[in-house]
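*Asks:* Any chance you could fold what I've pasted below:
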Amino acid sequence: VYYFPDADDNSYSTYSLAAQLRIPTPLISPYALGGWQWRRTSSTENGVMFGVGVQLNFVVSLFLEANFEFHEEAAGTTDFDNNPIVIKGGIIFGS
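*Replies:* Next up, the predicted model:
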C-alpha cells in the first residue's frame, strides 16, 4: 500500500505477508487475516497486523477488509498523523 502524505519529500508505504482463515460459503465468505507488516518511511519498522473482511462472489468477486496495524511512530521521524486502521476494497480476478 502506498500512501500520499501531504508532506513534501516524504514517501510512506507498507508491505505485508498475511494468512487468511476463511469460511467458505457460496456467495458471502467472511474471513480473518493476520500476519507481519513492514512499514517504510525514512526508516523501516516492523509489526504485527490483523484484520477482518468479507468476499462477495457473484458474477465477479468483490472484497472489503479492514486491517489494524500495530506500530509506534519512531522517535525523530516525520509524524504522518494517520490512524493505524486501513480499509481496502476491490475486485478479485480468477479463483
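*Asks:* show me where the protein has strands.
*Replies:* Ranges of strands in the chain, per DSSP state E, are 2-3, 12-22, 28-40, 44-57, 61-69, 85-92.
*Asks:* counting contacts, what elements does the shortest one pack onto?
*Replies:* It refers to strand 2-3. When contacts are defined as 3 or more Cβ pairs under 8 Å, 6 or more residues apart in numbering; DSSP states H and E, strand 2-3 sits against strand 12-22. Where C-beta positions appear, they are placed from N, C-alpha and C, glycine not excepted.
*Asks:* Pull up the pairing partners for the strand it packs on, direction included.
*Replies:* With DSSP bridges as the test, strand 12-22 is paired with strand 2-3 (antiparallel), strand 28-40 (antiparallel).
*Asks:* a markdown table for those strands, including mean neighbour count and mean pLDDT?
*Replies:* Putting the strands paired with strand 12-22 into a markdown table (neighbours: other Cβ atoms under 10 Å; pLDDT from 0 to 100) gives the following:
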| stretch | mean neighbour count | mean pLDDT |
| --- | --- | --- |
| strand 2-3 | 10 | 76 |
| strand 28-40 | 15 | 90 |
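*Asks:* Those strands: which one's closest to Leu21?
*Replies:* With Cβ to Cβ as the measure, strand 28-40 is the member of those nearest Leu21 (4.9 Å).
*Asks:* Next one: Gly89 from Ala66, what distance?
*Replies:* Distance, Gly89 to Ala66, using Cβ to Cβ, to the nearest Å: 10 Å.
*Asks:* ranking the strands of the chain by mean pLDDT, which is last?
*Replies:* Mean pLDDT is lowest for strand 2-3 out of the strands of the chain, coming in at a mean of 76.
*Asks:* When Gly89 and Ala66 are compared, which one has more neighbours?
*Replies:* Neighbours were counted for Gly89 and for Ala66 using other Cβ atoms under 10 Å; Ala66 has more, 14 against 10.
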